[in-house]
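Peer 1: With the sequence up front, the predicted model follows.
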Amino acid sequence: MSKILLNVNGIEVIYSHVILVLKGVSLQVPEGGVVALLGGNGAGKTTTLRAVSNLLAGERGEVTKGSIEFRSKRTEALSPGEMVGMGMVQVMERLLLAEQNTNVALKYADCGCIMESGRIMMDSPAKALAENADVKDVLPRTVEGRAQELPRHEVAPAAQALF
């Protein structure tokens, strides 16, 4: 069994001391593995990644519950610079069509996480998610691989980053 590189356990994130954005998000990234965060706009993908890389303070956010461990070390007291020194870097999103981004995530990820309203609703091997009927209902244009262009308001990443 592979060693866990990143362990996010039941985190809750609040912005401006009042706006609950994430609740109970948990995920694990095994060493050498790839995990994709998928979800619509506002699902919590960016907030999850900001929490993992300790970049919430600049957005007036904070992890108020749960824990995040990187290489078996708790990270809440570390600065973003210290996180970089440990090897944790957030790669900022590229503006791709949601279809393109999701297809890349599902192709290369070992595990996928479908987020909705700040919670991970499904997690399993990415290939299984790509073939799941419920996922196809939610992301029909992306998972079925249609080549049609999405309207401009839908041009946003569905998969925020690959670990």
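Peer 2: Perfect, thanks for sending it. Numbering: from 1, shown residues only.

Peer 1: Just give the nearest non-adjacent residue to the residue nearest the centre of the chain, would you?
Peer 2: Residue closest to the average C-alpha location in the chain (C-alpha atoms, centre = their mean): residue 37, at 3.4 Å. Nearest non-adjacent residue to residue 37, counting by C-beta to C-beta, 6 or more residues apart in numbering: residue 45, 4.5 Å away. (Each C-beta comes from the backbone N, C-alpha and C, glycine too.)

Peer 1: what's the spacing between the one you found and residue 73?
Peer 2: Computed as C-beta to C-beta, to the nearest Å, the residue 45 to residue 73 distance reads 24 Å.

Peer 1: Surely the residue nearest to residue 37 touches residue 115?
Peer 2: Yes. Under the criterion of C-beta atoms under 8 Å, residue 45 makes contact with residue 115 at 5.9 Å.

Peer 1: Can you check which residues contact both of these two?
Peer 2: Each of 37, 38, 39 lies in contact with both residue 45 and residue 115 under the rule C-beta atoms under 8 Å, 6 or more residues apart in numbering.

Peer 1: and which of the residues you listed is nearest to residue 52?
Peer 2: residue 37 (10.0 Å; C-beta to C-beta).

Peer 1: Okay, now the sheet partners of the one helix or strand the closest one maps to, with direction.
Peer 2: With elements taken from DSSP states H and E, the one containing residue 37 is strand 35-39. Here strand 35-39 is paired, per DSSP bridges, with strand 111-116 (parallel), strand 159-162 (antiparallel).

Peer 1: Pick out the shakiest of those, pLDDT-wise.
Peer 2: Among the strands paired with strand 35-39, strand 159-162 carries the lowest mean pLDDT, a mean of 39.

Peer 1: residues touching residue 56, list them.
Peer 2: So residue 56 contacts 13, 47, 50, 62, 63 (C-beta under 8 Å, 6+ apart).

Peer 1: and it, what pLDDT?
Peer 2: Looking at residue 56, its pLDDT reads 91.

Peer 1: likewise residue 153?
Peer 2: 36.

Peer 1: ok, now residue 9?
Peer 2: If you check residue 9, the pLDDT there is 96.

Peer 1: can you check the one 10 residues further on too?
Peer 2: Looking at residue 19, its pLDDT stands at 93.
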